[in-house]
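> Give me coordinates for this.
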Amino acid sequence: MKRFHVHVSVADLEESIRFYTAMFATPPTVQHADYAKWMVEDPRVNFAISTRRQSTGVNHLGIQVDTSDELRSMRAQLEAADPQLIEENEQPCCYARSDKYWVTDPAGIAWETFHTLASIPIYGEDVRVFNHESSVVTAERACCAPIEEARSTDSTSCCAK
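Reported below is the predicted structural model:
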């Protein structure tokens, strides 16, 4: 079964945890000094916040799947939406290790489709996802969220995101 995923960059983690705990009527299921996550069942959503290097607001959207087979089955859909799909395997991200695909929508919003393999004790590194700068996406560099400055502002580019 799939779960909608939203990751919001926040300026004040403590105040944001207070707000979202009240809004979801439950405390975070995962909480660290720079990150919190709610695995809400109604509506079924993986909602995460962090104080990482991103500007405040929606960091990325996504779809979390329960199995590797579900992730593989979504690949064709994602490539149809954005042929420049980025694939990552066993990436440390948001205190978890995941297999994932990244695509960027026409508005420049990064979409992460992922299957979580395990919890880990580190957040992970941010790498470029916007404009599919895949040269920076390697096994040595973890991917947690798109880096803001990677967005293209060149409207003449065929791939301006």
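
> all helices for this structure, in order.
13-24, 68-81 (DSSP state H).

> And those helices: which comes nearest Gly62?
For the helices of the chain, proximity to Gly62 was assessed by C-beta to C-beta; helix 68-81 is nearest, at 10.8 Å. Every residue, glycine included, has its C-beta placed from N, CA and C.

> end to end, how far does stretch 29-49 reach?
End-to-end distance for stretch 29-49: 12 Å, by C-alpha to C-alpha, to the nearest Å.

> List the buried residues of that stretch.
Going by neighbour count (16 or more other C-beta atoms under 10 Å), the buried part of stretch 29-49 is 31-32, 35-40, 45-49.

> okay if I get those as TSV plus distance to Pro92?
Output for these, formatted as TSV (distance: C-beta to C-beta, whole Å):
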residue	distance to Pro92
Gln31	18
His32	13
Tyr35	13
Ala36	18
Lys37	15
Trp38	21
Met39	19
Val40	24
Val45	22
Asn46	17
Phe47	20
Ala48	15
Ile49	18
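
> Show the contacting residues for Ala48.
5-8, 35-38, 94 (C-beta atoms under 8 Å, 6 or more residues apart in numbering).

> Could I get the full set of strands for this protein?
3-9, 30-32, 35-41, 44-50, 57-65, 86-93, 96-104, 110-119 (DSSP state E).

> who's in contact with Thr29?
Counting by C-beta under 8 Å, 6+ apart, Thr29 makes contact with 37-39.
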